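# how would this look folded up:
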Amino acid sequence: MPPERPQRCNQIWFDPILRDRAAQFPSVSLRYRSRFDDFAEDGDGVIGDYTDLASGASRRLRASWLIACCGGRSLVRDRLGIAMDGDPVQGYPVDIFFRAERLWDRHDKGKAALYYLVGPTGQWGTLTELDGLTFEITTRYQRATNALQFACWSYGALPRVDGSPPS
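A predicted model of the protein is given here:
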């Protein structure tokens, strides 16, 4: 077991690191603002079709491998005939980052890496300390409209009644 506890690395920080490393390989071509449309496998690998969303042009590429990291609504999974059990959308996450000096001095819970946020209806989110000054509130809603309400509540656009987020 390493002497340091596991660290969080949110997607907003990890993706640039991954992008920069991937771009160092001559065999990698990064394509942004693109939609994956279809694929076919042949004896030489995989042919992928995608749409360049900036121009609307349909494009095709060839690769040795196709790796799908596309979640519950995966076109790749569907095309391969792999069934999905359960709901493809488990919820709509909302992450809010803020900076606060000595936040632990402003409550009676002491210093911690993770706090559970509890309101009248139970736990509704977590507050994670990232670097001693930056914090992240994470919550998940079953409907996108509730996630939007929470984001508005967090920025003061909706009134705070009892300290808990909108339901």
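# Can you give the domain ranges for the chain?
Domain ranges of the chain: 30-88, 92-154, per automatic domain parsing.
# Kindly compare burial across these and name the winner.
Most buried of those, by mean neighbour count (mean count of other CB atoms under 10 Å): domain 92-154, with a mean of 14. Heads up, the C-betas are built off the backbone N, CA and C, glycines and all.
# average pLDDT across that domain?
Domain 92-154 shows a mean pLDDT of 76.
# same thing with stretch 20-38?
On average, the pLDDT along stretch 20-38 is 92.
# residues making contact with that stretch?
Residues outside stretch 20-38 that contact it (CB atoms under 8 Å, 6 or more residues apart in numbering) are 19, 48-54, 58-59, 61, 70, 75-76, 79.
# change it to 6 Å
49-54 (CB atoms under 6 Å, 6 or more residues apart in numbering).
# Mind checking which of the residues you listed are in helices?
Among these, no member falls in helices (DSSP state H).
# possible to save the domains of the chain as a markdown table with distance to Q24?
Below are the domains of the chain laid out as a markdown table (distance: least, CB to CB, whole Å):
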| stretch | distance to Q24 |
| --- | --- |
| domain 30-88 | 11 |
| domain 92-154 | 27 |
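# Would you map the strands across this structure?
Listed in chain order, the strands of the chain (DSSP state E) span 34-42, 45-52, 58-63, 92-99, 114-119, 122-129, 134-141.
# what's the closest of these to D15?
Taking CB to CB, strand 92-99 is the member of those nearest to D15, at 13.6 Å.
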